[in-house]
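Engineer: Please work out how this folds:
(one chain, ligands or ions: 1)
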Amino acid sequence: MKAAVHSRYGPPDVVRIADVDEPTVGAGDVLVKVHATTVNRTDCGYRAAKPFFIRLLTGLARPRRQVLGTEFAGVVTAVGGGVSSFAAGDRVFGYNEGPFGTHAEYVSVAEDGAIAAMPEGAAFDVAAAGTEGSHYALSALRTAGIAAGQDALVYGATGAIGSAAVQLLKVLDVTVTAVCDAANLEWVRDLGPDRVVDYTAQDFTADQQRYDLVLDAVGKSTFGRCRRLLKPGGVYMSSDLGPGWQNIPLTLVTPLFRGKRVKFGVPVQNKEMVEYFRDLIESGRFRPVIDRRYPLDEIVDAYRYVETGQKTGNVVIEVVPPS
Ligand SMILES: NC(=O)c1ccc[n+]([C@@H]2O[C@H](COP(=O)([O-])OP(=O)(O)OC[C@H]3O[C@@H](n4cnc5c(N)ncnc54)[C@H](OP(=O)(O)O)[C@@H]3O)[C@@H](O)[C@H]2O)c1
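Structural biologist: Below you'll find the predicted structure:
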């Protein structure tokens, strides 16, 4: 089969298209013909081994798994022994961080992993873009403990995480202020926030409103800058570790003072989450935002684009061109 492979860590051009063996389908596995996948910031992190400690998981000197890719949507072509919840012909989607392998024509996924039936009526590209940013966003919202009737601000509402967070907060009935740049105001408004702030026209940290949650979905702020935006007991969360990885010690220390605090959510990926996103996509309450689409042969260009830090929402790889 055709796959995007990398045999060393580095910039986008360590990736090349090659012919490799199809994955084997062990007991409890589902073989999926991939129709669509994405290139996202998670793929970039593993490909470049940044932060460095990623190598502890993926191979110290060189990557153990040569085919990357986390999100997928496609059709089941075979199942291994003992598989009862999927059968050949089923349309499925999900998230495969750890085993990876979705940047290929076929991927083998554990039946009990983060895989579920496709949302009814959704195209493969939409479903493929529905789990990476959204699972970081949902993990953060669950860790923050945000609830209906509360107020949240999402900084970086244009990214995969931010655009999902705005929509998932509205599902929870939270009042949302979305912060983005002027060029993206219109489509961010369509995601349903109660208020949109253009960070190029005003300093969002000078906002007069106070929030139960400030979620920095692009890792460009600090707790110090955002502290005044929080209500007493309010929570600051970031998608990144912050300068000097400060969000880790702040997560440990700020709860001791029982006031405004930093929380750092360990992202969870499981079947329940994928099923949750499936139901939301199906009912139209969550719409994964797609920026660009590339064929698998042009995946290096997709990586280069994602690494500009300018993508809006998600970048899809069409492994099977849509008919
Ligand atoms: N290491 C990992 O495994 C990993 C995995 C996933 C995510 N992350 C982190 O999570 C963050 C978000 O990732 P993502 O995929 O959702 O999105 P992303 O690709 O990082 O975000 C891109 C969006 O952020 C906006 N942006 C850039 N600078 C901004 C700023 N100063 N203020 C407000 N918006 C800004 C950009 O639009 P404009 O510039 O036009 O405003 C663009 O639309 C990233 O920082 C990434 O490092 C890390």
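Engineer: which residues does the closest residue to the ligand within the chain contact?
Structural biologist: Proximity to the ligand, evaluated over the chain using C-beta to the nearest ligand atom, is greatest for Gly159 at 2.6 Å. All C-beta atoms are positioned from the backbone trio N, CA, C, and that covers glycine. Residues near Gly159 by C-beta atoms under 8 Å, 6 or more residues apart in numbering: Gly133, Ala217, Val218, Ser239, Lys311, Thr312, Gly313.
Engineer: Pick the one among the residues you listed closest to Asp29.
Structural biologist: Gly133 (26.2 Å; C-beta to C-beta).
Engineer: nearest residue to that closest one other than its sequence neighbours?
Structural biologist: Ala160 (2.7 Å; C-beta to C-beta, 6 or more residues apart in numbering).
Engineer: got the contact list for the one you found?
Structural biologist: Contacts of Ala160 (C-beta under 8 Å, 6+ apart): Asn40, Arg41, Ala129, Glu132, Gly133, Ser134, Tyr136, Val289, Lys311, Gly313, Asn314.
Engineer: which parts of the chain sit against the ligand?
Structural biologist: 40-42, 45, 133, 136, 155-156, 158-162, 180-181, 199, 217-220, 239-240, 309-312 (C-beta under 6 Å from any ligand atom).
Engineer: so of the residues you listed, which ones are in strands?
Structural biologist: Tyr155, Cys180 (DSSP state E).
Engineer: Give me the buried subset of the residues of the chain next to the ligand.
Structural biologist: 40-42, 133, 136, 155-156, 158-162, 180, 199, 217-219, 239-240, 311-312 (16 or more other C-beta atoms under 10 Å).
Engineer: Restricted to helices, list those residues.
Structural biologist: Arg41, Thr42, Gly133, Tyr136, Ala160, Ile161, Gly162 (DSSP state H).
Engineer: Make a markdown table out of the contacts of Ala160 and add pLDDT.
Structural biologist: Shown next, in a markdown table, are these (pLDDT from 0 to 100):
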| residue | pLDDT |
| --- | --- |
| Asn40 | 98 |
| Arg41 | 98 |
| Ala129 | 98 |
| Glu132 | 98 |
| Gly133 | 98 |
| Ser134 | 98 |
| Tyr136 | 98 |
| Val289 | 98 |
| Lys311 | 97 |
| Gly313 | 98 |
| Asn314 | 98 |
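Engineer: any idea where the helices of the stretch 201-323 of the chain begin and end?
Structural biologist: Taking DSSP state H, counting those that start in this stretch, the helices of the stretch 201-323 of the chain run over residues 223-226, 247-253, 271-282, 299-306.
Engineer: Of those helices, which is nearest Val92?
Structural biologist: Going by C-beta to C-beta, the one of those nearest Val92 is helix 271-282, 9.2 Å.
Engineer: Output the contacting helices and strands for that closest one.
Structural biologist: When contacts are defined as 3 or more C-beta pairs under 8 Å, 6 or more residues apart in numbering; DSSP states H and E, helix 271-282 packs onto strand 91-95, strand 114-117, helix 124-128, helix 132-144, helix 160-171.
Engineer: quick one, which of these is packed in tightest?
Structural biologist: Sort the helices and strands packed on helix 271-282 by mean neighbour count, taking mean count of other C-beta atoms under 10 Å, and helix 160-171 sits at the top with a mean of 27.
Engineer: out of everything not next to it in sequence, what's closest to Met118?
Structural biologist: The nearest residue in space to Met118 (C-beta to C-beta, 6+ apart) is Arg91, at 4.1 Å.
Engineer: partners of that neighbour in the sheet?
Structural biologist: Bridge pairing for Arg91 (DSSP bridges) gives the partners Val75.
Engineer: Would you check that it makes contact with Pro119?
Structural biologist: No. Counting by C-beta atoms under 8 Å, Arg91 does not reach Pro119; the two are 9.3 Å apart.
Engineer: Using TSV, lay out the helices of the stretch 201-323 of the chain together with mean pLDDT and mean neighbour count.
Structural biologist: Converted to TSV, these look like this (pLDDT from 0 to 100; neighbours: other C-beta atoms under 10 Å):
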stretch	mean pLDDT	mean neighbour count
helix 223-226	98	18
helix 247-253	95	16
helix 271-282	98	19
helix 299-306	98	21
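Engineer: So for Ile17, which of those helices sits nearest?
Structural biologist: Here helix 299-306 is closest among the helices of the stretch 201-323 of the chain (C-beta to C-beta), at 7.3 Å.
Engineer: Report the inter-axis angle for that closest one versus helix 160-171.
Structural biologist: Put simply, helix 299-306 runs at 70 degrees to helix 160-171, going by axes from the mean of the first three to the mean of the last three C-alpha atoms, to 10 degrees.
Engineer: Low-confidence stretches in the stretch 201-323 of the chain?
Structural biologist: Nowhere does the stretch 201-323 of the chain drop to pLDDT under 70.
Engineer: for the spatially closest residue to Glu282 that is not a sequence neighbour, phi and psi?
Structural biologist: Excluding its sequence neighbours, the residue lying closest to Glu282 (C-beta to C-beta, 6+ apart) is Pro119, at 4.1 Å. Main-chain torsions, Pro119, degrees, to the nearest 10: phi -60, psi 130.
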